[in-house]
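**Q** Quick one: sequence plus predicted model below, questions after.
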Amino acid sequence: MGEAARKIKVVNPATLEEVAEYPITDEAGVHAAIDRAREAQKVWGKLSVRDRTRHLLKVRDYMLDNLDRITDVICKETGKPRADALMADVMVICELIGYYAKKAPSILAPKPVDPGLLMHKRGWITYMPRGVVGVISPWNFPFNLAAGPTVTALTAGNTVVLKPSKVTTGSGAIIGECFAAMDEHKDIVQVTTGDSTTGTHIVRSNVDQIAFTGSTEVGRFIAVECAKQLKPVLLELGGKDPMIVCRDADVERAARGAVWGAFNNAGQVCMSVERVYVEEPIYDEFVARVVELTNQLKQGLYDEPGVDVGSMIYAPQIDTVEAHVEEAKQMGAKVLVGGHRNTKFKGAFYEPTVLADVTDEMKVMREETFGPLLPIMKVKDAAEALERSNNSVYGLNSSVWSKDAAKARRLAEGMQAGACVINDVIVSYAMSELPFGGVKESGIGRTHGAEGLVCMSHIKAIAEDRLGVKREQTWFPYHPKTYGIGKKLMRTLYRSGVGAKIGALLGK
């Protein structure tokens, strides 16, 4: 059977029912999609930024007109509650489009620069489209994390070849529908369904940039492949995001933030709270409240009313959660809530789980779990918490909780992470003005904000002569006195202090 004849089946992880089948795009299909996108870019890239964003606003209207259908596709593929699909997947994209509609024309406008010594010249920076961007998206937020890089790339004047996760292919397909439904520019987004082979074809193709969201392991592979072509990459990878709770924190708010930050989307969030460091004086109170709040969570099917936590999206991920919990138990950790698969349901459900008495040696404190797990560690002070927080190969997101704003800001600045939220969690991603991305093994580059547009642009420097003289003084032929004059000029210009400059001018 040839590659083109193969298909992938998408399964509802909550019910284990088959949702749909999609073809696996082979290499020829990938190249055909790239060719269509490249042809469309010739027109799209020449539009003004304002005209591009006007088109994206029309796409947003289509999304708003089809919200129920879009969220239904997301929920059936992920098992997440409908409210999560609406707000964390679709609303974030609607906000991003609105932000770029307002700000992108000025962000991408030519920027004049000070010519410095060359006052007879004029210089400016322009932001040009790269061309065709390959977007490879994950399964945890299948609409948001596919549409986000796509919208950014399009705003910058690129076109997109999108490869959604094989687990949530329908969410990617409906993104393609949103763009294809427009009267104009139907080919600016090409969706190529498939598995890892399809993604590899895109990475090794002649696309001009890759934007990938997913695991650090796959991100490293993509970086190596792109390096062979000197192709720019934008990588949003794994995280082990810490939360520091200071002794003067609002315990009630911090506990609620920890529970939502750890169990939202069943913990399958790259920015989720994956480890908590609590100062000793409030540790017992904080843990008790977290346990109480976790016990109140309702886990169930996405279409049941009042459900807080749905299923895992990718069933094999439960194996990772189980392995982390079992190892922690064997090493002395205490399970305060949960700790097992939720057998009330047919699908991939794992109970929201709280661990205490954890140590740095445990995987729950070192490796990304990506599941509904909240390990809590007692520390003597904020300095210890910060040191432990930064002792990680990851650096995506973090949070600090304190009523002392100055202290919280100092701790936030000390976090080795792409973002830090004070007295809240995750919310920085929803602020479209803020760039999003990680340091260390959590990624390269930024999405959102002005930085996201710049990352998907070719930055071009332009210099222009203003006088039109026949010959520059620095051109050939060199005069015998050129070196001496240049030396005096340099010392006059660059010596520190007025006296030294005058002395240099006088030849001293």
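**A** Perfect, I can see it now. Computed from a predicted structure; not experimentally measured.
**Q** For the worst-scoring helix or strand of the chain on mean pLDDT, could you pull out the residues that count as buried?
**A** Every helix and strand in the chain was compared by mean pLDDT, DSSP states H and E; the lowest is helix 498-505, with a mean of 91. For helix 498-505, a neighbour-count test (16 or more other C-beta atoms under 10 Å) marks residue 504 as buried. In this view, the C-beta of every residue, glycine as well, is placed from N, C-alpha and C.
**Q** what packs against it?
**A** Judged by 3 or more C-beta pairs under 8 Å, 6 or more residues apart in numbering; DSSP states H and E, the packing partners of helix 498-505 are helix 482-494.
**Q** Counting neighbours, which bits of the helix it packs on end up buried?
**A** Residues 491, 492 are the ones in helix 482-494 that count as buried (16+ other C-beta under 10 Å).
**Q** what angle separates it from helix 498-505?
**A** Here the directions of helix 482-494 and helix 498-505 differ by 170 degrees (axes from the mean of the first three to the mean of the last three C-alpha atoms, to 10 degrees).
**Q** same question for helix 482-494, mean pLDDT?
**A** Mean pLDDT, helix 482-494: 93.
**Q** same question, stretch 51-58
**A** In this model, stretch 51-58 has a mean pLDDT of 99.
**Q** same check, this time on stretch 151-165
**A** Here stretch 151-165 scores 99 as its mean pLDDT.
**Q** which residue sits closest to residue 156, ignoring its sequence neighbours?
**A** residue 456 (4.4 Å; C-beta to C-beta, 6 or more residues apart in numbering).
**Q** just the helices in the stretch 251-400 of the chain please.
**A** 251-263, 280-295, 317-330, 363-366, 382-390 (DSSP state H, counting those that start in this stretch).
**Q** so can I have TSV of those showing mean pLDDT and mean neighbour count?
**A** Listed next are these as TSV, based on pLDDT from 0 to 100; neighbours: other C-beta atoms under 10 Å:
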stretch	mean pLDDT	mean neighbour count
helix 251-263	99	22
helix 280-295	99	17
helix 317-330	98	18
helix 363-366	99	22
helix 382-390	99	19
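**Q** and those helices as JSON lines, adding distance to residue 343?
**A** Putting the helices of the stretch 251-400 of the chain into JSON lines (distance: least, C-beta to C-beta, whole Å) gives the following:
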{"stretch": "helix 251-263", "distance to residue 343": "19"}
{"stretch": "helix 280-295", "distance to residue 343": "18"}
{"stretch": "helix 317-330", "distance to residue 343": "12"}
{"stretch": "helix 363-366", "distance to residue 343": "22"}
{"stretch": "helix 382-390", "distance to residue 343": "35"}
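**Q** out of the ones you listed, which comes closest to residue 32?
**A** With C-beta to C-beta as the measure, helix 317-330 is the member of the helices of the stretch 251-400 of the chain nearest residue 32 (33.3 Å).
**Q** Please name every helix or strand in contact with that closest one.
**A** Partner elements for helix 317-330 (3+ C-beta pairs under 8 Å, 6+ apart): strand 353-356, helix 363-366, strand 373-379.
**Q** Mind checking the ones you listed for the one nearest to residue 327?
**A** The nearest among the helices and strands packed on helix 317-330, by C-beta to C-beta, is helix 363-366 at 5.5 Å.
**Q** Can you tell me which helices and strands the closest one packs against?
**A** Helix 363-366 packs on helix 317-330, strand 373-379, going by 3+ C-beta pairs under 8 Å, 6+ apart.
**Q** Including distance to residue 488, could those go into a markdown table?
**A** A markdown table is the format used below for these (distance: least, C-beta to C-beta, whole Å):
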| stretch | distance to residue 488 |
| --- | --- |
| helix 317-330 | 69 |
| strand 373-379 | 62 |
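**Q** how about the nearest residue to residue 455 once chain neighbours are set aside, what does it touch?
**A** Using C-beta to C-beta, 6+ apart and skipping the chain neighbours, the partner closest in space to residue 455 is residue 445 (4.7 Å). By C-beta atoms under 8 Å, 6 or more residues apart in numbering, the residues touching residue 445 are 232, 233, 234, 235, 437, 455.
**Q** Any idea how many residues pack against the first one?
**A** Same thing as residue 232. Using other C-beta atoms under 10 Å, residue 232 has 17 other residues around it.
**Q** do the same with the fifth one
**A** Here the number of neighbours of residue 437 (other C-beta under 10 Å) works out to 23.
**Q** Could you do the fourth one as well?
**A** Counted with other C-beta under 10 Å, the neighbours of residue 235 add up to 23.
**Q** in the stretch 401-508 of the chain, which spans are helices?
**A** Taking DSSP H, counting those that start in this stretch, the helices of the stretch 401-508 of the chain run over residues 405-414, 449-455, 482-494, 498-505.
**Q** Which among the ones you listed is found nearest to residue 100?
**A** The nearest among those, by C-beta to C-beta, is helix 449-455 at 7.5 Å.
**Q** Which secondary structure elements does the closest one sit against?
**A** The contact analysis (3+ C-beta pairs under 8 Å, 6+ apart) places helix 449-455 against helix 92-107, helix 144-155.
**Q** so how far is the first one from its chain's centroid?
**A** In this case it means helix 92-107. In terms of C-alpha atoms, centre = their mean, to the nearest Å, the centre of helix 92-107 is found 16 Å from the chain centre.
**Q** Can you give me the buried ones in whichever helix or strand comes after that helix?
**A** On the C-terminal side of helix 92-107, the nearest following helix or strand under DSSP states H and E is strand 111-113. Residues of strand 111-113 include none that count as buried (16+ other C-beta under 10 Å).
**Q** which intervals of the stretch 301-450 of the chain have sub-threshold pLDDT?
**A** Along the stretch 301-450 of the chain, no part satisfies pLDDT under 70.
**Q** Kindly reformat the helices of the stretch 401-508 of the chain as CSV containing distance to residue 382.
**A** Putting the helices of the stretch 401-508 of the chain into CSV (distance: least, C-beta to C-beta, whole Å) gives the following:
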stretch, distance to residue 382
helix 405-414, 6
helix 449-455, 29
helix 482-494, 45
helix 498-505, 47
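**Q** out of those, nearest to residue 171?
**A** Residue 171 lies closest, by C-beta to C-beta, to one member of the helices of the stretch 401-508 of the chain: helix 449-455, at 20.9 Å.
**Q** contacts for the closest one?
**A** Residues outside helix 449-455 that contact it (C-beta under 8 Å, 6+ apart): 100, 103-104, 107-108, 127, 152, 155-156, 234, 432-436, 445-447.
**Q** From residue 250, how far out is residue 257?
**A** With the distance defined as C-beta to C-beta, to the nearest Å, residue 257 ends up 9 Å from residue 250.
**Q** quick one: common contacting residues for the two?
**A** The contact sets of residue 257 and residue 250 overlap at 401, 423 (C-beta under 8 Å, 6+ apart).
**Q** and of the helices and strands packed on helix 363-366, who's closest to residue 337?
**A** Smallest distance to residue 337 across the helices and strands packed on helix 363-366 (C-beta to C-beta): 8.5 Å, for strand 373-379.
**Q** And the contacts of that closest one?
**A** 258-259, 262-263, 267, 273-280, 283, 286-287, 290, 294, 321, 324-325, 328, 333, 352-356, 358-359, 362, 364-365, 385, 388.
**Q** And that strand, what's buried?
**A** So strand 373-379, judged by 16+ other C-beta under 10 Å, has buried residues 373, 374, 375, 376, 377, 378, 379.
**Q** in the stretch 101-250 of the chain, which spans are helices?
**A** In the stretch 101-250 of the chain, the segments counted as helices under DSSP H, counting those that start in this stretch are 144-155, 169-180, 196-203, 216-229.
**Q** Single out the most deeply packed of those.
**A** Between the helices of the stretch 101-250 of the chain, helix 144-155 has the highest mean count of neighbours, a mean of 29, where neighbours are mean count of other C-beta atoms under 10 Å.
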